[in-house]
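Peer 1: The following comprises the amino acid sequence and a computationally predicted model.
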Amino acid sequence: MFRLSLYEVQQGLKSKQFSSEELTKILLERIEKFKTLNAYITICADEAISAARKADERIASGDARDLEGIPLGIKDLFLTKGILTTAASRMLYNFIPPYESTVTQKLLDSGAVFLGKTNMDEFAMGSANITSYYGRVINPWSRDKKLVPGGSSGGSAAAVAAHLCVAATGSDTGGSIRQPAAFSGIVGLKPTYGRCSRYGMVALASSLDQAGPITKNVRDAAIFLRNIAGYDPKDSTSLRDEVPDYEAFFGKSIKGMKIGIPKEFVVDGMADDIHACWKRGADILRAAGAEIIHISLPYSRYALPAYYIIQPAEASSNLARYDGVRYGFRAEGKTLVEMYENTRMEGFGDEVKRRILIGTYVLSAGYYDAYYMKAIKLQRLIKADFQRAFEEVDAILTPTTPTSAFAFGEEPKDLVTMYLNDIFTVTANIAGLPGMSVPMELDHLGRPLGLQLIAPKLREETLIQVGAVLEDGAGFKQLEEVQL
Amino acid sequence: MSYIETASGKWEVVIGLEVHAQVISQSKLFSSASTKFGVAPNENVSFIDAALPGVLPVLNSFCVDQAIKTGLGLNCTINKISYFDRKNYFYADLPQGYQISQFHHPIISGGFVEIEDDEGNIKKVHLERIHIEQDAGKSLHDQSPTKSYIDLNRAGIALMEIVTKPEMTSGAEAAAFLRKLRSILRYLKTCDGNMDEGSMRADVNISLHRPGTPLGTRAEVKNVNSMKFIETAVNFEISRQLEILENGGSVEQETRLFDSSRGITRSMRSKEDAQDYRYFPEPDLPPLILEDERIEAIRATLPELPDAKSRRLQETYGLPRYDADLISAEAEVAAYYEKALACCSKADGDAAKLLANWLLGDLFALLNKYGKSIDESLISPENLSGLIQLIQQDVISGKIAKDVLVIMWDEQKSPQKVVEEQGLQQITDPAVIENALRDVLIENSSKVAEYKSGKDKLFGFFVGQAMKKTHGKANPQLLNDILSKLLSE
């Protein structure tokens, strides 16, 4: 039962083949059993069981909502009222939010059951889930070697892949949903910037952050997304556009659609397996009646450098509130400044401190024009690239990552190579576009590979439509069971 | 242009002001927390004001309307597109670690305020810009010997920062600007101008240079929080800089703090310590776009402002400029005056002038004596108008009216009632006055003889005696006429 997809659980609960309480208990047992994966920071067993019982009552009385009784994992970056929310940082080791994030509130309003808060990179800074104050997460696909699950939504990805929840929330600033989804053999969808409210999400880079689903398949992503998308008056950057029924696009033909293959996404050091996978994806779509068109996104190669200016710049400002004055971790000091210094020295991990320093630097007087303003100009050019491309094609197909998941200890030693992990995903964030990673196959090491689809603004339904065809053609088999 | 003349030659003073004016609004700039003053510490604090993780600012559109109204009232250009920026710095009472402000593209540009310059001429002080931003909280250092406390009630309240061009040349002009600005904002009801509560605060930039040479290095004086002190602060700073320059030194670019208890400024931080605020566009807020309709709708609500009101009072009623300016300076005084004038049966120039005299003279004296504002006056505009009319109708004399006014204040009665109860009506019956006069003349027959032999000055003596007899109530004109007649008999 634990392997069921969200769609299957929905059907199973509706037809009363099993109860939410049964499923919830099974998943809670699995979370305990596979604790070594370290996918969760906080487990909400009692709350989950009581929520599941309430859901079962509603189902019994024919009052079920869209996600009634479906047990989910929630990335520990979403504020959950009364439930510890740490963003995987010592800085928030004791922070119990007095309010609920909009995304999780919407899930609760749809009847979802929260199993717990999933592990992540500290403040969502990382691509391997190795920066968490609560320890690294292990990729459930690990066999002889322990693999990273990707990041920053590594806990959510591992939980979904290992069947420790039916689906999970993630957040994606530069690839934090799609990259771990690719590493973990599951689906991750980053919606258009502004499609989901950011209210109640611990902010990394406000102009790039976006919540999205991490699910076992494409249809699940469609169902999940329709429950969290929509305008929120509490987030002035959220979009007012109607939310379509994404699921209705699942199974629709892609005949006659045009799919772009950008030549700039062929990068040095890309594994042969990735090349082959990409080609296979194109073949699947062509076979289904789509036209494959080679396109150019000339400025996309500047997306990564622009990203590593804009993101730390905003982060350096967003993280200024963690000062030990009002909540969270505080280290003592003789003066106010000393208290700040000690708090932030001890409360933040190295990667967070590094990005605060980079961000502070690029915003400093004398450097602002050279770095931040240049990055903003590049962002405009990259957006224009996509606009041009989408006059010609309906969606763009690229690899999600330049490599498959790497093993612990084999992670890139230099940071730039580590940051290169985001090279295919950041462009969608920089351009504010929706993107989705679909699992395709295992590489020669038995590690999952994913392909990414990018669609025009607010065309998440295109991702579902094309992604479903890709998924069907790929025939990827989800993980049977964790082998640890 | 006024100069400072010393043995070494002329110096020109250049002053620019940055005024922080708290916007009148029920709720804060980016949250729904109340702006009420004087409540318990940290009572008006939302999750947004406390900068909890994950909160986002939502712009209060009433505060934007207030800024537009201010811009229109100060003859400015309203920018149809403006942006918010973050000003980053650490302080315990700044929960976000940054202030949301407008740095690169403010909502309002240009504009001017008319003041009277040192020579008594009308001078326009031009504005550079007005932008909206959020206020910080307060650090309380005096509650404990070892701890500081934070009160976030003020954190997030909307401010307008009004920046002038460096066009003022003396402490008096700076004070005149601030007074006029305050007056206009209070007319507009966009800022209460209450400097004691900190809802209006000024930073003053001052520099000196030789005429015809580039501007000198400026010092910024912060914390000028009282209308009384602005002139003191500016004058102190001018003489401080003058002394340095006259002795061949150079003024340091620095921020200085005004110490009102000693009337001096002292160094707070030098240019080297200046903070790098790392301004960048606020990613949580979209650009602020204003439609013409919105601006025009607000323009339609603008009240008559003090300059226009003063001109109208001068032109319509022939009030002297001094009186008209004084009445117009405070919206509440002007409202009181106009209400009283409207109550006069004949609201003409005579009534207007008489009313102005009584308002600015005797009533202001009473308000001062009891420390009350015009809104707290124990004499209503209707009753002041009634008093004026009693004078105009010769029911009482101006002299008696002064007593009546005091009784009106003390007993809160209408002038008619006071006059009636105290029997203060003028005696206008010629027979009664003649009787009193005849008694006086009989009692002072020797003086009558002296008068008739040419001692004209005694006329006044007889008037005084007759007034005494009538308890000051005799109509003075009638008394004079009858006395003349009797003495010529």
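Peer 2: Thanks, I have it.

Peer 1: May I ask which helix or strand of the chain has the lowest mean pLDDT?
Peer 2: By default, I'm working from chain A. Across the helices and strands of chain A, mean confidence by mean pLDDT, DSSP states H and E is lowest for helix A:415-419: a mean of 79.

Peer 1: I was thinking of chain B, sorry if that wasn't clear
Peer 2: Least confident helix or strand, chain B: strand B:264-270 with a mean of 85, by mean pLDDT, DSSP H and E.

Peer 1: Quickly run through the sheet partners of that strand, with directions.
Peer 2: Looking at strand B:264-270 with DSSP bridges, its partner strands are strand B:254-259 (antiparallel).

Peer 1: Would you mind pulling the contact partners of the least confident helix or strand of chain B?
Peer 2: Contact with strand B:264-270 is made by B:219, B:221-222, B:233, B:236-237, B:240, B:252-259, as judged by Cβ atoms under 8 Å, 6 or more residues apart in numbering or on different chains. Where you see a C-beta, it was placed from the backbone N, CA and C, and this is true even at glycine.

Peer 1: Among those residues, which pair sits farthest apart?
Peer 2: Spanning the widest gap among these are B:253 and B:259, at 20.1 Å by Cβ to Cβ.

Peer 1: Residue numbers of the stretch 1-150 of chain B in contact with chain A?
Peer 2: Within the stretch 1-150 of chain B, the positions near chain A by Cβ under 8 Å from any Cβ of the partner chain are B:47, B:50-59, B:86, B:88, B:90, B:92, B:95-98, B:148, B:150.

Peer 1: Just the buried ones out of those, please.
Peer 2: For those, a neighbour count by 16 or more other Cβ atoms under 10 Å in any protein chain shown gives the buried set as B:47, B:50-59, B:86, B:88, B:92, B:95-98, B:150.

Peer 1: Okay, and which of these map to strands?
Peer 2: Within these, membership in strands is found for B:86, B:88, B:98, B:150, as judged by DSSP state E.

Peer 1: Put together a markdown table for the residues you listed, with pLDDT on each row.
Peer 2: Shown next, in a markdown table, are these (pLDDT from 0 to 100):
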| residue | pLDDT |
| --- | --- |
| B:86 | 98 |
| B:88 | 97 |
| B:98 | 98 |
| B:150 | 95 |
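
Peer 1: Give me the local confidence score for the closest residue to residue A:66 other than its chain neighbours.
Peer 2: Spatial nearest neighbour of residue A:66, excluding adjacent residues (Cβ to Cβ, 6 or more residues apart in numbering or on different chains): residue A:110 at 4.7 Å. pLDDT for residue A:110: 98.

Peer 1: what's near enough to touch residue A:110?
Peer 2: Here residue A:110 is in contact with A:65-68, A:227 (Cβ under 8 Å, 6+ apart).

Peer 1: Mind doing that once more with 7 Å?
Peer 2: Residues near residue A:110 by Cβ atoms under 7 Å, 6 or more residues apart in numbering or on different chains: A:65-67, A:227.

Peer 1: next one: residue B:12
Peer 2: Contacts here follow Cβ under 7 Å, 6+ apart; on that basis residue B:12 touches B:1, B:3, B:169, B:208-209, B:211.

Peer 1: Greatest separation within those residues: which pair is it?
Peer 2: The largest separation in the contacts of residue B:12, counting by Cβ to Cβ, is between B:1 and B:208 at 13.3 Å.

Peer 1: Pick out whichever of the two has more residues nearby.
Peer 2: Neighbours per residue (other Cβ atoms under 10 Å in any protein chain shown) separate residue B:1 from residue B:208, with residue B:208 holding more: 22 against 11.

Peer 1: Please identify which helix or strand holds that one.
Peer 2: Using DSSP states H and E, residue B:208 maps to strand B:200-209.

Peer 1: List the neighbouring strands of that strand plus their orientation.
Peer 2: By DSSP bridges, strand B:200-209 pairs with strand B:9-22 (antiparallel), strand B:219-224 (antiparallel).

Peer 1: looking at those, which one has the lowest mean pLDDT?
Peer 2: Comparing mean pLDDT across these, the weakest is strand B:219-224, with a mean of 89.

Peer 1: coming back round to it: minimum pLDDT in the contacts of residue B:12, which residue is that?
Peer 2: Taking the contacts of residue B:12 together, the minimum pLDDT is found at residue B:1 (59).

Peer 1: where along the stretch 51-200 of chain B do the helices fall?
Peer 2: Under the criterion DSSP state H, counting those that start in this stretch, the stretch 51-200 of chain B contains helices at B:61-73, B:171-188.

Peer 1: I'd like these laid out as CSV, including mean neighbour count.
Peer 2: Formatted as CSV, those follow (neighbours: other Cβ atoms under 10 Å in any protein chain shown):
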stretch, mean neighbour count
helix B:61-73, 22
helix B:171-188, 22
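
Peer 1: In a markdown table, list those along with mean pLDDT and distance to residue A:429.
Peer 2: What follows is those, written out as a markdown table (pLDDT from 0 to 100; distance: least, Cβ to Cβ, whole Å):
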| stretch | mean pLDDT | distance to residue A:429 |
| --- | --- | --- |
| helix B:61-73 | 98 | 30 |
| helix B:171-188 | 95 | 44 |
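
Peer 1: Neighbours of residue 7, how many?
Peer 2: Answering for chain A, as no chain was given. Residues near residue A:7, counting by other Cβ under 10 Å: 21.

Peer 1: that answer is for a different chain, and I need it for chain B
Peer 2: Counted with other Cβ under 10 Å, the neighbours of residue B:7 add up to 5.
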